[in-house]
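**Q** Coordinates only, no sequence provided:
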């Protein structure tokens with residue numbers, strides 16, 4: 001009979017099994033695990049590779065320390081936000097000071113400390129077990145066979161990355177069908193691009209049998225992939241920031257004795273102009289904003305592109321709309337202009353800071369004196385509601401700095417709409433609340449989707465009214481500007497489009513307004529008069545930077561007051577939108593129920 005394994009062996013093996021089970025923890029909290037078989041297969045191969053490379057656990061166990069330390073965070077994020085550690089979360093951790101972390105955790109800091117002490121003790125005791133045992137060493141010749149197979153697999157993978165993998169052959173019948181379809185559609189099949197002289201592609205069967213994201217979701221080795229992604233994001237951010245590092249506006253206050261005390265810029269999300277009752281919508285989605293006498297809705301403001309990462313840079317900087325499809329910009333945002341004029345600046349966000357949809361925005365956000373990204377849940381079911389911004393906003397208002405600019409970046413009415421408001425705002429029913437994984441292309445769900453969207457706008461109305469309420473003070477010259485980054489197409493009538501990223505009027509025409517306090521109106525009656533005068537002007541998000549800086553009564557050498565609605569020098573400019581090229585919005589027709597923007601002339605090419 002073989003001897004039973006010693007307790008040290010069992011403890012070590014169970015430790016590794018527990019670590020490897022982490023990707024399947026979501027099942028315990030009712031969440032799905034995509035492609036579990038692939039994740040399990042990746043983990044088995046990764047453990048075999050580690051054991052073969054290092055020969056004994058004692059030699060690779062120290063490398064597992066980050067996985068032990070990350071374990072409580074991974075569990076916390078799954079329990080409260082339904083997702084694991086991402087580049088966004090790594091960014092928040094990297095940029096949060098100890099003082100901010102203590103403030104965030106509050107009384108839970110002791111629990112966090114106990115969890116940290118526990119995993120450190122677990123790691124140390126399991127390493128001690130690994131050091132004490134030699135029975136788990138891989139000493140026979142099979143180790144070299146495995147290493148050879150791993151080396152061959154790595155070489156094949158590297159070759160495929162360099163020279164590509166041939167696509168799977170298409171059966172003749174399918175090929176003929178595809179050709180007929182293309183001819184019937186009137187589209188010519190493009191000739192394949194000539195390949196440079198190189199080694200041949202790998203055959204299609206050499207493609208990896210698993211998705212690469214399965215490795216990133218594995219544990220503990222997948223943390224390496226997440227760390228690499230985070231590093232790439234940091235490098236990308238640094239490159240974008242480096243382009244404008246030396247830029248200055250040379251901004252100054254026009255009259256140091258007469259300045260606005262507080263300016264607030266609210267960046268909305270996925271808000272559609274025609275669903276706001278202050279803009280004429282039949283449902284009363286803005287009952288609170290309608291009562292604000294000092295609020296001036298801007299009736300004809302458009303965004304040039306219907307995606308946050310592309311539209312927000314145009315809103316907050318002087319980046320031209322027709323450069324919005326290009327990453328990076330050589331200038332800084334209005335945050336730097338206000339800083340140069342003596343304002344303390346705050347960027348408070350309920351969006352995320354890292355990831356392919358967000359880095360161009362976060363580069364500008366980092367110009368602020370104080371930056372807080374508060375959304376740990378991304379755009380998921382468990383994301384924070386926008387009211388999470390109230391506490392940091394109150395702290396910003398209480399800051400002793402005499403002049404402040406505060407940016408609030410909201411989650412607004414981003415999909416899933418029913419997740420953007422609490423139950424008390426579920427006014428129009430039936431809604432999507434309680435509907436698991438709604439299929440937006442199902443005609444039957446259209447009224448639920450529409451009701452949920454209106455409920456989300458109703459919550460945005462309440463949120464904005466609370467922010468304005470905090471600015472109302474007889475001794476505070478304050479002004480607030482709200483602009484949505486883009487709108488939404490809602491899969492209504494015969495339109496078969498949903499969300500954003502399309503070329504519809506619903507996504508280009510966005511709600512916007514300016515609000516001012518009584519004292520601001522007394523100090524700057526001319527600016528208020530011009531804002532009211534221009535409420536029906538044809539505007540775009542290219543006007544926002546110039547308007548906000550002008551509302552702050554800030555001057556700089558190459559200012560363009562002809563773009564500010566607070567100036568009597570305002571002039572119309574051509575408004576281009578990304579629709580089959582750069583289409584002239586004011587020389588366009590709106591096609592079908594989707595109201596696609598179609599230039600009556602020839603759109604300018606994207607460059």
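**A** Good, I have the coordinates. Computed from a predicted model, the values in this text were never measured in an experiment.
**Q** can you give me the helices in the stretch 1-150 of the chain?
**A** Residue ranges of the helices in the stretch 1-150 of the chain, as given by DSSP state H, counting those that start in this stretch, are 7-20, 36-54, 57-60, 65-81, 87-95, 98-105, 109-132, 142-163.
**Q** Show me what counts as buried in the first one.
**A** Judged by neighbour count using 16 or more other Cβ atoms under 10 Å, the buried positions of helix 7-20 are 8-9, 11-12, 15-16, 19-20. (Each C-beta comes from the backbone N, C-alpha and C, glycine too.)
**Q** Next: the longest one.
**A** Residues of helix 109-132 classed as buried: 115, 119, 123, 126-127, 129-130 (neighbour count, 16+ other Cβ under 10 Å).
**Q** possible to save those as a markdown table with distance to residue 587 and pLDDT?
**A** Listed next are the buried residues of helix 109-132 as a markdown table, based on distance: Cβ to Cβ, whole Å; pLDDT from 0 to 100:
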| residue | distance to residue 587 | pLDDT |
| --- | --- | --- |
| 115 | 61 | 88 |
| 119 | 63 | 91 |
| 123 | 66 | 93 |
| 126 | 70 | 92 |
| 127 | 70 | 92 |
| 129 | 75 | 90 |
| 130 | 72 | 90 |
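**Q** Among those residues, which one lies nearest to residue 487?
**A** Nearest to residue 487 among those: residue 115, at 43.4 Å, using Cβ to Cβ.
**Q** Contacts only, for the closest residue to residue 320 other than its chain neighbours.
**A** Beyond its immediate neighbours in the sequence, the residue positioned closest to residue 320 (Cβ to Cβ, 6 or more residues apart in numbering) is residue 542, lying 7.0 Å away. With contacts defined as Cβ atoms under 8 Å, 6 or more residues apart in numbering, the neighbours of residue 542 are 304, 314, 320-321, 563, 573.
**Q** Among the residues you listed, name the buried ones.
**A** Among the contacts of residue 542, the ones that count as buried (16+ other Cβ under 10 Å) are 304, 314, 321, 563.
**Q** what's the spacing between the second one and residue 352?
**A** According to Cβ to Cβ, to the nearest Å, residue 314 stands 20 Å off from residue 352.
**Q** do the third one as well
**A** Using Cβ to Cβ, one obtains 24 Å as the distance from residue 321 to residue 352.
**Q** on that earlier part again, now the helices of the stretch 1-150 of the chain in CSV, with distance to residue 553?
**A** Formatted as CSV, the entries for the helices of the stretch 1-150 of the chain read as follows, by distance: least, Cβ to Cβ, whole Å:
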stretch, distance to residue 553
helix 7-20, 58
helix 36-54, 57
helix 57-60, 62
helix 65-81, 42
helix 87-95, 32
helix 98-105, 32
helix 109-132, 43
helix 142-163, 55
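**Q** Of the ones you listed, which is nearest residue 241?
**A** With Cβ to Cβ as the measure, helix 87-95 is the member of the helices of the stretch 1-150 of the chain nearest residue 241 (13.4 Å).
**Q** Surely residue 61 touches residue 125?
**A** No. Under the criterion of Cβ atoms under 8 Å, residue 61 is not in contact with residue 125, lying 11.1 Å apart.
**Q** Residue 270 in helix, strand or coil?
**A** Recorded secondary structure, residue 270: coil (DSSP: H, G, I helix; E, B strand; the rest coil).
**Q** so who does it touch?
**A** Residue 270 makes contacts with 412-415, 484-488, 499-500, as judged by Cβ under 8 Å, 6+ apart.
**Q** And for residue 343?
**A** By Cβ under 8 Å, 6+ apart, the neighbours of residue 343 are 263, 401, 403-405, 552.
**Q** ranges for the strands of the stretch 151-300 of the chain?
**A** Applying DSSP state E, counting those that start in this stretch to the stretch 151-300 of the chain gives strands spanning 252-253, 262-268, 295-297.
**Q** mind checking the SS state of residue 590?
**A** When the rule is three-state DSSP, residue 590 gets the label strand.
**Q** Grab the nearest non-local neighbour of it.
**A** The spatial neighbour of residue 590 that comes closest, neighbours along the chain excluded (Cβ to Cβ, 6+ apart), is residue 505 at 5.1 Å.
**Q** what about the one you found, distance to residue 589?
**A** As for residue 505, its distance to residue 589 is 10 Å (criterion: Cβ to Cβ).
**Q** okay, now residue 541: neighbour count?
**A** Neighbour count for residue 541, taken as other Cβ atoms under 10 Å: 28.
**Q** That one touches residue 304, doesn't it?
**A** Yes. Using Cβ under 8 Å, residue 541 and residue 304 qualify as a contacting pair, with a distance of 6.6 Å.
**Q** Between the two, which contacts overlap?
**A** Applying Cβ under 8 Å, 6+ apart, one finds that residue 541 and residue 304 are jointly contacted by 311, 314, 321.
**Q** Can you tell me which of the residues you listed is closest to residue 384?
**A** When the shared contacts of residue 541 and residue 304 are ranked by distance to residue 384 (Cβ to Cβ), residue 311 comes first, at 22.0 Å.
**Q** pretty sure the closest one belongs to a helix, no?
**A** Yes. Looking at residue 311 with three-state DSSP, it is inside a helix.
**Q** From residue 137, how far off is it?
**A** As for residue 311, its distance to residue 137 is 58 Å (criterion: Cβ to Cβ).
**Q** And stretch 568-584, how far out from the chain middle?
**A** When distances are taken as Cα atoms, centre = their mean, to the nearest Å, stretch 568-584 is centred 26 Å away from the chain's centroid.
**Q** Equivalent analysis for stretch 269-277, please.
**A** Offset of stretch 269-277 from its chain centre (Cα atoms, centre = their mean): 20 Å.
**Q** What about residue 505? Give its phi and psi, please.
**A** Backbone torsions of residue 505, given as degrees, to the nearest 10, read phi -60, psi -30.
**Q** Sounds good, over and out.
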